[in-house]
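Engineer: Predicted structure and sequence below. I'll ask about it afterward.
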Amino acid sequence: MKPSEAFGSKLLRRSREGRRVPFNVGLLLPTSGAMGMLGPCAYACARLARDMWNQQGGVDGREVRLTLLNSSETARGLDDEVRELVDTRSVDALVALSNTDVCRRIAQVVDARVPLIYTPMFEGSGLPEWVHAIGETPERQLLPAIDWMSTRYRPRRWYLLGNDYSWPRATHRIAIPFVRSRGGEVVRERYVALGERDYSAVIEDIVETRAEIVLVSLLAGDAVHMCREFERAGLGGRVLRLSICLEENAVLGVGHENTDGMFVAAGYFAALESDVNGAFKERYLGQFGERAPALNSASQSVYEGFVHLHRQAHAGTRQAAKRPGLPGVRDDRREAYDAGRNPIFLGEVQGLGIHPVRRLIGEPG
């Protein structure tokens with residue numbers, strides 16, 4: 001058990017004592033900004049986890065409820081909203097999907113007073129030890145993908161493009177020496193502001209540097225606009241693209257005509273063929289219908305966050321011994337997702353979806 005998980009279990013064990021009020025989870029999801037398109041699916045995944053948890057009897061009979069806050073980089077007042085919830089003991093725990101800069105701010109506000117589970121991929125460092133970060137890290141997610149692309153396509157000239165904040169910069173610091181070790185050359189490392197919509201200068205620079213592959217470290221909506229401009233310039237199919245943050249919602253936004261030569265590495269794809277993912281998608285579509293928000297790695301990580309929170313909340317209780325808990329989706333044994341052990345997959349964007357190509361690293365369960 002990780003120290004952050006033990007910390008969360010200890011806090012939640014204290015919160016159970018003598019409390020019969022609902023178990024309230026503060027749900028920090030982006031509903032605007034660069035990651036805003038992830039919000040609808042992430043909220044649906046959280047609601048699914050909540051309902052499954054309540055069907056099992058909640059937390060010692062306490063109903064699990066959600067309080068939704070906007071975790072976008074554009075959200076004003078988020079810090080004050082979180083502070084009020086924690087100060088007034090209105091939340092028992094927090095589950096967050098945001099960029100890491102926002103998570104660091106929230107962690108300072110919370111100050112280890114309630115468990116905070118951070119679900120998306122992240123740098124692998126830079127967060128307080130008590131924050132339970134469950135997402136993929138560049139060493140396991142990106143480096144095997146670079147290795148595969150280098151072996152399969154042998155690109156020599158790499159262009160690194162990211163949003164201007166900590167995660168892309170830290171990811172690129174890890175990527176650059178690895179690219180060089182595989183015989184590649186980094187012809188440019190460039191960053192744009194979150195929310196950037198005009199990529200004409202970036203595309204011109206990609207052409208001028210004669211890049212053969214672009215590592216795209218742009219969040220959600222920003223990646224959509226870049227990829228559209230990329231294709232309009234006629235680079236699709238001529239210059240490869242590799243990303244560890246592009247997901248199914250962004251692919252829908254990019255459009256099927258703008259995805260030639262685009263690859264993604266992630267711990268989850270909606271198209272993964274496994275018994276556990278099939279069962280999860282059946283429950284998801286059964287609750288929200290065929291027009292439900294498209295499942296994707298970043299948003300689905302919120303469900304995995306609730307799997308971890310369920311395990312912390314019931315650690316050492318009679319309920320934990322009697323019931324299996326919420327079933328994890330990224331682990332074939334239905335256990336909580338372990339980013340240091342479970343698989344990372346490579347997918348190729350085909351049409352309006354991501355087709356899994358191979359397992360890059362890790363075991364299924």
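Structural biologist: Yep, it's here.

Engineer: Spatially, what comes nearest to residue 285 if we skip its sequence neighbours?
Structural biologist: Distances taken as CB to CB, 6 or more residues apart in numbering put residue 292 closest to residue 285, at 6.0 Å, once the chain neighbours are dropped. Bear in mind the C-beta positions are built from the backbone N, C-alpha and C, glycine included.

Engineer: That neighbour: how many residues sit nearby?
Structural biologist: 16 (other CB atoms under 10 Å).

Engineer: got it, and residue 69?
Structural biologist: For residue 69, the number of neighbouring residues by other CB under 10 Å comes to 21.

Engineer: what pairs with it across the strands?
Structural biologist: Taking DSSP bridges as the rule, residue 69 bridges to residue 28.

Engineer: From residue 259, how far off is residue 230?
Structural biologist: 10 Å (CB to CB, to the nearest Å).

Engineer: actually residue 85, not the one I typed
Structural biologist: Residue 85 is 40 Å from residue 259, by CB to CB.

Engineer: Between these two, which has more neighbouring residues?
Structural biologist: Neighbours were counted for residue 85 and for residue 259 using other CB under 10 Å; residue 259 has more, 23 against 19.

Engineer: Not counting its neighbours along the chain, what's nearest the more buried one?
Structural biologist: That would be residue 349: by CB to CB, 6+ apart, it lies 4.1 Å from residue 259.

Engineer: Wasn't that neighbour part of a helix?
Structural biologist: No - assigned with DSSP: H, G, I helix; E, B strand; the rest coil, residue 349 falls outside any helix and is strand.

Engineer: just checking, it touches residue 250?
Structural biologist: No - if you go by CB atoms under 8 Å, residue 349 and residue 250 don't touch, sitting 9.5 Å apart.

Engineer: returning to that earlier point: contacts only, for the residue nearest to residue 285.
Structural biologist: Neighbouring residues of residue 292 by CB atoms under 8 Å, 6 or more residues apart in numbering: 41, 44, 284-285.

Engineer: So it versus residue 232, what's the distance?
Structural biologist: The value you get for residue 292 to residue 232, if CB to CB is used, is 31 Å.

Engineer: How far does the helix or strand containing residue 24 sit from its chain's centre?
Structural biologist: Here residue 24, judged by DSSP states H and E, is contained in strand 23-29. Chain-centre distance of strand 23-29: 17 Å, with CA atoms, centre = their mean, to the nearest Å.

Engineer: average pLDDT across the helix or strand following that strand?
Structural biologist: Helices and strands here follow DSSP H and E; after strand 23-29, the next one along the chain is helix 39-55. Model confidence over helix 39-55, given as mean pLDDT, is 97.

Engineer: Report the inter-axis angle for helix 39-55 versus strand 23-29.
Structural biologist: On the basis of axes from the mean of the first three to the mean of the last three CA atoms, to 10 degrees, helix 39-55 is oriented at 170 degrees to strand 23-29.

Engineer: List the contacts of helix 39-55.
Structural biologist: In this structure, residues lying in contact with helix 39-55 by CB under 8 Å, 6+ apart are 25, 27, 29-32, 59, 63-66, 68, 95, 97, 249, 283-284, 287-288, 292-296, 298-300, 302-303, 306-307, 310, 326.
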